[in-house]
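Asker: Sequence and computational prediction follow.
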Amino acid sequence: MGNEIEQIAQQNEMSIEFMAGAPESDFDRSFADGILEDIAKQLREGADK
């Protein structure tokens, strides 16, 4: 499952490239950063089990 989560996070980051023509107000990078933080937390918690 960790690999699937990582793939989703990578897809989110790659979407930034496709939004290059969008106005800055249309995309907030902090959302993607928050997702990555949540994934890292889940992976750390899974490693502790």
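Answerer: Sure thing, it's come through. Numbering: from 1, shown residues only.
Asker: just for this protein, where's the confidence low?
Answerer: Counting by pLDDT under 70, the chain has low-confidence residues at 1-2, 16-22, 24, 26-27, 48-49.
Asker: And the most centrally placed residue in it, which helix or strand is it part of?
Answerer: Geometric centre of the chain, nearest residue: Ala9, 3.4 Å, by C-alpha atoms, centre = their mean. For Ala9, the element it lies in under DSSP states H and E is helix 2-18.
Asker: Which elements pack onto that helix?
Answerer: Helix 2-18 sits against helix 29-47, with contacts defined as 3 or more C-beta pairs under 8 Å, 6 or more residues apart in numbering; DSSP states H and E. All C-beta spots, glycine's among them, are computed from the backbone N, C-alpha and C.
Asker: Show me which positions of stretch 8-16 end up buried.
Answerer: Ala9 (16 or more other C-beta atoms under 10 Å).
Asker: before we move on, back to that, and for the helix holding Ala9, what's in contact with it?
Answerer: With C-beta atoms under 8 Å, 6 or more residues apart in numbering as the test, helix 2-18 has contacts from 27, 29, 32, 35-36, 39, 42-43, 46.
Asker: This completes my enquiry, with thanks.
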